[in-house]
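>>> please work out how this folds:
(2 chains)
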Amino acid sequence: MPKNLRLIKQLTGCFCILQTLIPISLYAQRPVISGKVFDVATNNPLIGVTVSLKGTQTGTFTNVNGSYHLSIPNSGDTLEFSFLGYLKRDFAVRERRFINVGLSATRQSLNEVVVVGYGTQQKSDVTGSIVTLKGSTILQVPSPNLIAGLQGRASGVDIVSNSSNPGAIPQIRIRGDRTLTTTASADDAQNGPLVVVDGIPYSGNINDINPDDIANVSILKDASATAIYGSRGSGGVIIITTKRGTPGRQVFTYNAYYGVDNITGEYPVFNGPQYAAYKTAAAAGNNVNPGTNAYGLTTAEAAGLAKGVSTDWQKLIFRQGYTDDQEISVAGGNQAIQYSMGAGYYKVQGVVPGQNFTRYSIHSTIDDQVNRHIKIGYTGINSMEYTNFGGGDPVGGLVRLSPLTAPYNADGSINLYPQIGALDANVVNPLTLITDQQAIVNNDRRLNTFNSLYGVWQIIPNLKYRINVGLNYSQDQSGTYFGPNTFANGNATALSQANESVGNSESYSATVENLLIFDKTFAGKHRLTFTGLYSVEKDHTQSSGIFGTGIPADYIQNYNLSLANTVNASNSSSNPWNYADRGLISYMARVNYSFENRFLLTATLRTDGSSVLSVGNQYYTYPAFAAGWNMTNERFMQHIKAISYLKLRAGWGITSSQSINPYSTLGALGVDYYNFGPGTAGQNTGYLVQTLGNKNLKWQSTAELNLGADFGLFNNRITGSIDVYNQNTNNILLSESLPPSNGAGSTIVNAGKTKGHGFEISVSSLNIRTHSGFTWRTDVNVSVNRNEVVALQNPTLLADIGNGWFVGQPLSVIYDVKKIGIWQTADSTQAASYGEKPGMIRVQDVGTTTDAKGNPSGGPDGKINAADRQIIGNFEPRWTGGLTNTFSYKGIDLTVVMFARMGMMVVVPYVMSDGGAQGFDFFNNSRNNSLKRNYWTPNNPTNAFPQPNAATDYTNYSSTLGYVDGSFIKVRSIDLGYTIPPKVLEKAGISSLRVYLTVANPFILYSPFVKQGYGPDPEGNGYGGVSTSTVGGTPVPGRAITVNLNTPPTRQFNIGVNLQF
Amino acid sequence: MKLKTKIYFISSVAVLLTFSSCSKLLVEQPRSQITPQFFSTPGGILGGIAGVYSDMRNLWGTEGFLNMCVGGTDEDLVGGSGNPNFFTYSIVNSDIVGLWNIAYQDINTLNGVLQYGASANLDSTTKNQYLGQAKFLRAFYYFYLVQTYGPVPLHLKFITVPSTADSRAPIADIYNQIIQDLTQASTELAPVPTAPFLGKPATQPTALYLLAKAYLTRGWSSAAQASDFDSASTIASNLIANASIYGLGLWQDYANVNKPGNEYGEESLMVIDHQNSLTYGDYTIGTYASGPKENKSCFYFRPNYPAVNANYPAGGGAGVMTRDITNGRPFIRVRPNGPYLLNEAFADRINDSRWDNTFQTVWIANTTPAVVTPRGTLIPGVDTAIWTPPYEVSAAERASFPGIIFTPDGEGDKDSSWSPNMFPSMKKYDDPNKVQINDASTRPFIIFKFSEVYLIAAEAYYKQGDLVDAAAMLNVLRQRAAYRSTNTAAQNAAAVTAMTIVPSQVTLDFILDERTRELYGEYQRWWDLVRTNSLAERLQRFNPLEAYPGFSKEPTDYVLRPVPQTEIDLVTSGPPFPQNPGY
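Numbers count the residues shown, from 1 in each chain, chains lettered A, B, ... in the order given. Next comes the predicted model:
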């Protein structure tokens, strides 16, 4: 067959997957050798083993039966059999026509292939600090996405919950924060890791990737490993490799689980009688008009109290949710072409009515070895997600409702205005969240399509060229509709007051990477690998939003805003009008050198140019070096039997973060609107200077030194890694708050330094393995990370209170006056000298002035003011850890995953009130129900919470109430499975079947937060919401995660199946 | 094509594509944001001015700013749901950020307008108008800053390079700049509202009014010039003399001054516009007054009338009133200081119509089915459900009145007296045309009134010892206040006579009382007392229980408001920024 025809046929084969094997090199009239290749331990045939004529490009692969046929030039040659994970073997042909070969597996894990940036390495060759996880490990904790599934599973990777909504993506930090940022979104962008999917930097959302499609994950932690991603490497890199086909039998896989979700607990609020008592206490505590309460019981409430009404609104509203995960895939191929394709469905029905998350995904891959020189392949990940956020502020609203009112009328209908007669009479019954779902819409529909193509051209035996082309496109359509007479829109009583919105946002990124790879071993012991890269990337985002008021009918919802009474396109944070382009040009060179597989050296140089900086400052070069020493390959180690493997690693490199927003160097005017006069003639768009640009911005940089060791003990029954690191970040791109007399709130500057250091250990141990087949495995990891501000905007500045930065402190701290109790009756004279009375919050009087570091100094001065602020705590855990125990016996397996974050504060805004929009409206004046707390009364001289006071919603120093120890130890999941014996399944044509039960979030082992009655769970569920301090400023940075009145976390009971046939 | 050729071809195309797209990749072109260069265009100059006007909505009509304007004065006490800090001089920093931040943001924008606008491609008339507006507004903000915080940073150049250093300028420099800007603005601005500045924005007479007031204020201050009071009275009396040119005048009936619909009328010198428009008015029906820039002044002075029950002072009865549009949304933030108003400022409520035109004291029953009190049935729309008369009533009258009565001191019965939650409601900001009870008002906020020019002139004449002219100025307002549309001509004439004062009656107290009568609740009082150095004395006399105890701790300390802590914290280079005394 002419070569061209064969190529065409093979290309056709890409599309019809049933293409059968075509031997790659066919020459007539030559000896043909045949045979089988098998695993010596199991005698199973090995599929896809490379069989080649030693020293040439001639060769083939074994087929699905492990058989091969190869014609060779002459019968005196030698054949080489190589296969990943097995020792290579050579056989001299010596006139034989049939050669069967048994291969033995190399020691597992050490010869595993690890995905590193722009390539792969054998684990023994790796010089950086890299954690690898298999897809199956991640699936042990049922999670909507990879990040949620990683919690507690990898050392140095800190994952913090910031929402309990269905489909939430937690915050992830690798080795902590490096950059000083002011907002949560900037913090994620600058301190979060770069995600790479199948070689292409990923601009989509992690929710777009079905965890079932993930084959393995590499987490690059230190700069020597991440420096090849240069300007995006400082937050670490997560490389996701998706599942691909392998040569051999076609395998169908079906994985599914279904489970019920219930809240782990309600927010503890006053019940009916307690609420009534609280109102009485608030009247007694009224400091303006003692004994009175403007929020006394309404007629309905008084009647309810008499009748014993005590409505648990949370119980009425929170429902049982469910999780449904289904995934089916098929994979297979022959030596030339491998393919995989699969479809997934994932749905979480939330515990709050109206909240759910659904994902449909399709994943496909194809790889084609076109000939000895050319290989091409494709990955496609397409997903569609629907997220419903639910209406209004369901949880915050529920907590506030009076428990003394009845949810239903006597006739069984909904009591639409349960608080009638009270000041908040217009609050609509939250049961409308259930009964009037058509009138409450708050959703997002997202389409993401990720596509990557590659081609590899083996130019000469040791040199290949690779091209990667990536294209990611995503589009979100979001919308709201809040109809009248619903809990979500209590102010609206007519359809003309309904409000609705639609938002649209799209983004794409296109990447082209050109790689040149040279790999050769000289003199049998010098192995040299060179990788060169030239790449360009363009990212684009664009978004728009329209709002409307009034709609003819509920069912129109937000489908047609032309029917709205009024429509406008104002900019808002939920639906911004935005356009941003960003370009990146990169050059990279890397050399790996290995001497006798004992000494390893890696050197990397990357240059990045980015459009977001001014001309002249756009390019920066990132160097990195690393060395490794495989000590076990030294002779002197051979006799130390206990140590089966030991490698020492050292690496240093520079990376940075490019995540400032495009156009930051240019400055921007804020937009306002104004009407001069009553008509439309005087309507004008106004502009105000709100931020100042900075033309001199340049790159920030992080230098990191990492020392590590990988070890295996007792014939590798215990394996693990230890790493210590030190990192320094300079020229931080930070938003600097300006004195308001500048006329602008902030600008971006290159200023500030931070440092960090830490320690990570992870150990895997096979504790018990009995002859009867019982095994017990433990994986444990512990991480300690400390970050610290070293310098701020200028060398003399030691505290930037407005931004919450203090030299020598972690990157986010709580800075406020310190509560030391409640003023007691015996101290009333002293209290009066501070303008306070018994029952009010007592704070520490420590300063007359504040020193440069923000510490109070000068001692008590009889006044509480800004000079008494001090650092109350921070959000950096003392340590984090994960512990996974796996037990198996015959077909039964049990996995328990535990997770701990210890020694950090958490902030609880709903026990604060500054009378403004932050904290909890009416926390202390009894106008609304609130957290069931131990409040002060003359007969209950507690130091926990102040005396309720019906006179005012404003409570002095109330911000100090919400700083709580956030430490916790949790069992993340328990997974019990049973694998049906193959014999039973054979007749049904099933190759493997496992059924399992999982409980996610079964219990919390330790949490002071829960113990003290603040709420059901210490993990965060949002950002901000914190009251301003009574003595000025916001005591907690807006970027800090807080526990607020949001959807509570759930406990899930799942039943699942893994099936292959 | 041979395979090798294909490979070469495809690779070359790939590499070429990669390189050729690069030249533009690193060039930025913003498309969704406006950069500061925009101020050099005519649209940018007008936009800068419109932006500053829009920003004023963040102050006038908001609670925080109201507290700062009327809290801790003789006129007002804190309402049952109010934030007591300003009212009791326990002011903390978080109460105070608004004015400072907004003023400097606007001043920088205006400096940009003035700097770029001078060379903008505009005809001279338009340019004069634009620059006149910018100068007026810059002086306007510096005038509020210097009165509130004393020596403040004086920035007159557009800031393009930010600084973390700043320092205070002497108040003399600040007043000089204010007077210079206003003097120029008073010639450059149009005499009457002219497109594009429609409605009642700053015009020539507004600049003259503010100029007179600036001279008056400086005259009282440590930076006083000998001619200040003379300048103030001259400018004010000229403005009065030329009122017709500017389309200004006094309503015959004081009731019309604050009447909804009259905001653009002859007595308004300047308003901050609001409009029923989400985009241009920051307003939407049905959003519960959630926008930060909405005009919520109609809520703050209202008592908690829906909380009064039929059996009051005992509990358990039905509410005698339901919240409605006529009676408004009760925020209960500010309540009138009864003793001062009744015994001093509004002692004459017979001849002076201004008490009746300032306060609502009667709530007509509006609850169906009719509410029954122990004394009778309250027929909706007919019977008075709540009455807060400005005097005590007899026991017999109480017994025969079906509704609930709250008198100033309840005949010694605390339950029947005006209280932090129930008191006469100041009605100047009422908006009966709202669609939703709980929504903010779309009424333009009248920030300056022509009537105040008479008060400025009177005060300036008084300070020059010219009591004759001072009395003449006050008499204009007093005689107008004597008029009631329900009176006969003879009754009105008699009231005019009764209201007319003689020069010897003019004292500083009298002028300050007259300001209360004319301008009660209009976001001015604290500065009036500070300007005239009467804060301590008047608080001791008229607000001895609530404001004075906090104030009197260190009486010299509180004549300036505290500089926001953020300013002090964020001045991180150069000398530290000092706080005002007492904080």
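
>>> count the residues that sit near residue A:1061.
By other C-beta atoms under 10 Å in any protein chain shown, 14 other residues sit near residue A:1061. Any C-beta I mention is one placed from the backbone N, CA and C, and that applies to glycine too.

>>> the closest residue to it other than its chain neighbours: neighbour count?
Residue nearest to residue A:1061 in three dimensions, not counting chain neighbours: residue A:990, with 4.7 Å by C-beta to C-beta, 6 or more residues apart in numbering or on different chains. Look at residue A:990: counted by other C-beta under 10 Å, it has 15 neighbours.

>>> is residue A:990 in a helix, a strand, or coil?
What DSSP: H, G, I helix; E, B strand; the rest coil gives for residue A:990 is coil.

>>> so what's it up against?
Each residue near residue A:990 by C-beta atoms under 8 Å, 6 or more residues apart in numbering or on different chains is listed here: A:1059-1061.

>>> surely residue B:510 forms part of a strand?
No - using three-state DSSP, the assignment for residue B:510 is helix, not a strand.

>>> how near is it to residue A:449?
79 Å (C-beta to C-beta, to the nearest Å).

>>> which stretches of chain B form strands?
Using DSSP state E, the strands of chain B run over B:76-78, B:268-272, B:334-336, B:359-360, B:362-364, B:371-373, B:376-378, B:384-387, B:404-405, B:425-426, B:445-449.

>>> chain A: which of the ones you listed is closest?
Chain A lies closest to strand B:76-78 among those, at 7.4 Å (C-beta to the nearest C-beta).

>>> could you see whether chain A lies near that closest one?
Yes - Strand B:76-78 reaches chain A (C-beta under 8 Å from any C-beta of the partner chain) through residue B:78.

>>> starting at the chain centroid, how far to that strand?
16 Å (C-alpha atoms, centre = their mean, to the nearest Å).

>>> now do stretch B:90-110
That offset, for stretch B:90-110, works out to 15 Å (C-alpha atoms, centre = their mean).

>>> ok, stretch B:267-278 next?
The answer for stretch B:267-278 is 12 Å, by C-alpha atoms, centre = their mean.

>>> ok, now how distant is the residue lying closest to residue A:204 once chain neighbours are set aside from residue A:379?
Nearest residue to residue A:204 in three dimensions, chain neighbours excluded: residue A:448, at 4.7 Å (C-beta to C-beta, 6+ apart). Distance of residue A:448 to residue A:379, computed by C-beta to C-beta: 13 Å.

>>> now swap in residue A:114 and tell me
19 Å.

>>> please apply the same query to residue A:420.
Distance from residue A:420 to residue A:379, by C-beta to C-beta: 60 Å.

>>> also residue A:451?
Separation of residue A:451 from residue A:379 (C-beta to C-beta): 7 Å.

>>> the more surrounded of the two?
Remark: of residue A:451 and residue A:379, residue A:379 carries more neighbours, 25 against 16, as counted by other C-beta under 10 Å.

>>> buried stuff in the helix or strand where the more buried one lies?
Following DSSP states H and E, one finds residue A:379 within strand A:374-389. For strand A:374-389, burial by neighbour count (16 or more other C-beta atoms under 10 Å in any protein chain shown) applies to A:374-383, A:385, A:387-389.

>>> report the spatially nearest residue to residue B:299, omitting neighbours in sequence.
Nearest to residue B:299 is residue B:331, by C-beta to C-beta, 6+ apart, at 3.8 Å.
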